Every structure is written in structure tokens, then in C-alpha cells.
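*Asks:* fold the following.
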Amino acid sequence: MDSQHRPSPDSEQQTTSRRQKRGIGGIGWAVIGAVFFGSLLAIGILPRLGQKSELQAAVKEASTVPSVNVIAPRRATGATKVELPGSVVAQNQTTIYARSTGYLRRWYADIGDRVRAGQLLAEIDSPDTDQQVLQAKAEVVQAQANVSQTRANLAKSISDLKQARANLLIARQSWERWQVLVKQGAVPQQDADTKYATYQANLASVEAAQNTINSDSANIKAAQANAYASQANFQRNTVLQSYKKVTAPFAGVITARNVNTGVLISAGNGNTSTSTSNTSNSNSSLYTIAAYDNLKVNVSVPQSLSQSLQTGQTAQITVRELPQRVFTGKVVRTSNAIDPTTRTLLTQLEVHNSDATLRPGMYANVKFAINRTNPPFVVPDSALVVNGGGTQVATVTKDHTVHYQKVAVGRDYGTEVEITSGLTGNESLIATPTVDETEGLRVQPVAKTK
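*Replies:* Residues are numbered from 1 along each chain as shown. Predicted coordinates:
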């Protein structure tokens, strides 16, 4: 029985060979499986490890790069109201000086008086001027008498010329007749020569009379010129004499009186008088007069608004002392030149003041309504940085670095300011830059919410 069930040596060898083959196949499959699962692990884990590494680097970088709030500049509205300080000045104001030398006889107008054009303001006692007028008048009379005398002489010379021409005609005819008689032998040659001598004498008389007329004509021209000069001198002194009466050149209000009765007045300047107004004691002027019916208001308009201002444009004018009154002014002219010191345009407005409410010298507020074709940008005042480089704003570039941009500032609204140049509108501005945001610093921009 044992011999029946005991396997033969050949069968055992075959069995062992099959087991060996089966064992080798299992190991191979195990190796293949290990490689397969290792590949899967490498594909799944390594990207995660890379992402984790990048995330850790981003977190680390985010923890080191500061965040800043950024804003975008906005356009200002086209229609805007501008309030500027102004100064009220008289439409017509002048200082009156003396044109005649003498002593002040009397004055008739004082400060604050309203006067009309041509009204007598003062009288000057000028005896020297009066004497000069009398002398000039006598010279005119003398010159006119000289003209009359030369004209009389000319008339006599003309009469003498006529007589000489008549005598010449008679002498010539007598000489011609005696020549005929000599040829006929009726008279001697000596008598004919005498007639010829008489003819020559009359011819000379005619020439002398003609020369006298020419001389008298020249004398008349000289006498007439002298008469004209004497008349002009008389008129000049008469005009100077009229300046003894000082009159108002136009209707207005006397704002200064610098003379008293009896003071010595010098023509043009040199008046040293006691002033009754708040002017200097040594003043060559007699009065200062200003027209109040129409006044002017001078305003210095900033350069940024100068192009938007038009002649004929109206404005509202107010003064602190009259809070309930609003005056209307009209732009009548500008200087057409920017002041290089203040960068402003001098603008002049005209305002009616028939009731004399406004007075020259007043401080006024002038409010313009302006439509701007290209309004500037507006940014918060906290975005401005003022240092040695001027006025700047801190911008964040596309690569998230800080860059300081120089700008020009316009109107100041308190919490906001206008930027007239330096921005395009596409910038990202740091809302509140600090000393830590230096040029070129890398930052993380965060849009600021209102």
C-alpha cells in the first residue's frame, strides 16, 4: 500500500519544478505591483508636495510683503463754482494837482462830499499869473499895431510904385519924341540926352519902389508871426490864470483834501500843507476824487481756470459788511498775461453802484460759475506727499512696486484736492502713503472700499 501511494521520483521532480515556476511568478507579480503602486504614489503625492511647497512660499512671501490700500483718481465735474477774493476799486479815480502858483484863497469841498463835473473846489490867489496875463495882452496889442504899421508902409510903397511907373511912362514917351526931333534936326542932341537921363532916373525909381514893396511884404509876415506868438502867449497865460479856479474833472466823491486856506501852492508839485485827511503832510496834490456810480473789482484768477474765463461772463459779488446784498459783476477785461510770481490772471469786473453802497478799497468775495471742458482729477488730500522733491503721489505699478509721481495741485476742497497735471487717470494711488513705502518697494495692493 505504501508502495502504491508513494510518488515516484520523476513525479516529485516535476512537482518541485512546477512549484519553483509558480514561486517565481508570484515574486514577479509582486515586483510589478510594487512598481505600479510606487508610480501611482509618485504621481499623486509629488504634485501635492510641490503645491504645498508653493503655498508655503506664497504664505511666507505674503507675510513679508506689506499690503496697501489703493484708490483710483476720479474726474472732477465740468461745472464748478469758484470763490475768489477781490478788491473793489473806483471806475475812475484821480489826484488833482495845482497848475497855477499862488496862495490858496478858499476851498469849497471837503472829504466825503459828492461833487459834479466842473464844480468849483478851490480858488488860488496868483498875482504873478495875473500880471503875466496883462503883459501878454499888451504884447498882443503892440504886435497888432506893428502889423498895422507895416501894412500902412506897404500901402504907401505900392502908391509910390504906381507914381514911379507913371513918371517912367511919361519920361520914356518924352525921350522917344525927342529922339525923333533930333533925327529931324529940330532940337539939339543935348536936349535928347537930358530926356534919356530923366527916363533912366524914373526907371531906377520904379525898381527902388518895387524893392521897398518886397521889404514891406516881408516885414508884414514877420509882424504877423510876432502877433501870432504874442496871441499864443496871451492865451497860454489866460489858461494858466483859469487854473486859479480848481474844478472837479468828473462827478464823484472827494476822498482826500490836502490843503488849507492861505497855504502856498506850487504848480505841479512842492505843496507843503497841513492835511485834514489821513494822508501825508507833505503832499503836492490838492484833492483826490473817485467816481462811485460804477466800480471795478480786481480778481486774481488761478492759471488752471484762466482758460475757462470769458469776457462778458457774470459773477456774484458779496462783501462781509453787507451779508444780505448780492451784487452782479461782469467781466470786462483781463490782463491777458499770467503773473509769473503768483501764476494768476488779473481779471477786472464791472459792477453798478448807483446807490454808493460799495466803496473803493473794500474786500469782496467773487463767485464764478465755470464750465470746464477738460476738468482735472480729484484725489484725497491724504494721498499727497510733500517733500524735497515737491508735491507727489505714491502709485503702485503693474509689477506691484511703489513709484512716486510728481503732480501739480489745483483747487483745495478741504478733504480733496484737484490734480491739474501729472496723472492720466489709470494709476493706482496709495490712499495714505507712509515713510515705509519707499521708491521701488514691493507691496500688495488692496482696493480701498468707501
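*Asks:* show me the helices in the stretch 201-350 of the chain, by range?
*Replies:* Using DSSP state H, counting those that start in this stretch, the helices found in the stretch 201-350 of the chain span residues 303-306.
*Asks:* any low-confidence regions in it?
*Replies:* Within the stretch 201-350 of the chain, the ranges that satisfy pLDDT under 70 run 269-284.
*Asks:* name the SS class of Ile124, please.
*Replies:* Taken by DSSP: H, G, I helix; E, B strand; the rest coil, the conformation at Ile124 corresponds to strand.
*Asks:* that one contacts Arg106, correct?
*Replies:* No. In this structure Ile124 lies outside contact range of Arg106 using C-beta atoms under 8 Å: 9.3 Å. (Glycine included, C-beta is placed from N, CA and C.)
*Asks:* the more surrounded of those two?
*Replies:* Per other C-beta atoms under 10 Å, whichever of Ile124 and Arg106 has more neighbours is Ile124, with 25 against 11.
*Asks:* identify the bridge partners of the more buried one.
*Replies:* Leu104 (DSSP bridges).
*Asks:* can you confirm Val393 is in a strand?
*Replies:* Yes. Assessed by three-state DSSP, Val393 belongs to a strand.
*Asks:* any idea how far Ala204 is from it?
*Replies:* 110 Å (C-beta to C-beta, to the nearest Å).
*Asks:* cool, and Ala171?
*Replies:* For Ala171 relative to Ala204 (C-beta to C-beta), the value is 11 Å.
*Asks:* looking at the two, which is more packed in?
*Replies:* With neighbours defined as other C-beta under 10 Å, Ala171 and Ala204 compare such that Ala171 has more, 20 against 12.
*Asks:* helix, strand or coil for the more buried one?
*Replies:* Classified using three-state DSSP, Ala171 is helix.
*Asks:* any idea how far His352 is from Val299?
*Replies:* 17 Å.
*Asks:* so which of the two has more stuff around it?
*Replies:* Val299 (25 against 14).
*Asks:* what's opposite Val385 in the beta bridge?
*Replies:* In this entry, Val385 is beta-bridged to Gln392, by DSSP bridges.
*Asks:* quick check: it touching Thr432?
*Replies:* No. In this structure, Val385 is not within contact of Thr432 by C-beta under 8 Å, at 10.1 Å.
*Asks:* more neighbours: which of these two?
*Replies:* Legend: neighbour count by other C-beta under 10 Å for Val385 and Thr432, higher for Val385 (20 against 14).
*Asks:* what residue is smack in the middle of the protein?
*Replies:* The centroid of the chain falls nearest to Ser335 when counting by C-alpha atoms, centre = their mean (2.4 Å).
*Asks:* what residues are up against the nearest residue to it once chain neighbours are set aside?
*Replies:* Excluding the flanking residues, the one nearest Ser335 by C-beta to C-beta, 6 or more residues apart in numbering is Leu346, at 4.1 Å. Residues near Leu346 by C-beta atoms under 8 Å, 6 or more residues apart in numbering: Asn298, Val299, Ser300, Val301, Thr334, Ser335, Asp339.
*Asks:* now swap in Ser230 and tell me
*Replies:* Neighbour list for Ser230: Ala136, Glu139, Val140, Gln142, Ala143 [criterion: C-beta under 8 Å, 6+ apart].
*Asks:* let's see 10 Å
*Replies:* Ala136, Lys137, Ala138, Glu139, Val140, Val141, Gln142, Ala143, Gln144, Asn146 (C-beta atoms under 10 Å, 6 or more residues apart in numbering).
*Asks:* you'd agree the residue nearest to the centre of the chain is up against Val299?
*Replies:* No. Assessed by C-beta atoms under 10 Å, Ser335 is found out of contact with Val299, at 11.1 Å.
*Asks:* what do the two both touch?
*Replies:* Counting by C-beta under 10 Å, 6+ apart, the shared contacts of Ser335 and Val299 are Thr344, Leu345, Leu346, Thr347, Gln348.
*Asks:* quick one: the strands in the stretch 251-400 of the chain, in order.
*Replies:* With DSSP state E, counting those that start in this stretch as the criterion, the stretch 251-400 of the chain has strands at 252-257, 264-265, 285-302, 314-319, 322-338, 344-352, 363-371, 377-380, 384-387, 390-396.
*Asks:* swap that for the stretch 51-200 of the chain, sorry
*Replies:* Going by DSSP E, counting those that start in this stretch, the stretch 51-200 of the chain shows strands at 67-71, 74-75, 79-97, 102-107, 114-115, 120-125.
*Asks:* thinking again about what came up before, including distance to Leu120, could the strands of the stretch 251-400 of the chain go into CSV?
*Replies:* Listed next are these as CSV, based on distance: least, C-beta to C-beta, whole Å:
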stretch, distance to Leu120
strand 252-257, 13
strand 264-265, 15
strand 285-302, 12
strand 314-319, 34
strand 322-338, 33
strand 344-352, 29
strand 363-371, 34
strand 377-380, 61
strand 384-387, 62
strand 390-396, 61
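*Asks:* so what's the residue nearest to Asp110 when sequence neighbours are not counted bridging to?
*Replies:* Distances taken as C-beta to C-beta, 6+ apart place Arg257 nearest to Asp110, at 5.6 Å, with adjacent residues excluded. In this entry, Arg257 is beta-bridged to Tyr287, by DSSP bridges.
*Asks:* contacts for stretch 203-221, please.
*Replies:* 146-169, 171-172.
*Asks:* if you set the cut-off to 6 Å instead, what comes out?
*Replies:* Contacting residues not belonging to stretch 203-221 are listed as Thr150, Arg151, Asn153, Leu154, Ser157, Asp160, Leu161, Ala164, Arg165, Leu168 [C-beta atoms under 6 Å, 6 or more residues apart in numbering].
*Asks:* mind listing which of those are in helices?
*Replies:* The helices, defined by DSSP state H, take in Thr150, Arg151, Asn153, Leu154, Ser157, Asp160, Leu161, Ala164, Arg165, Leu168 from the contacts of stretch 203-221.
*Asks:* tell me the contacts of the second one?
*Replies:* Taking C-beta under 6 Å, 6+ apart, we find Arg151 in contact with Ile220.
*Asks:* all set now, cheers.
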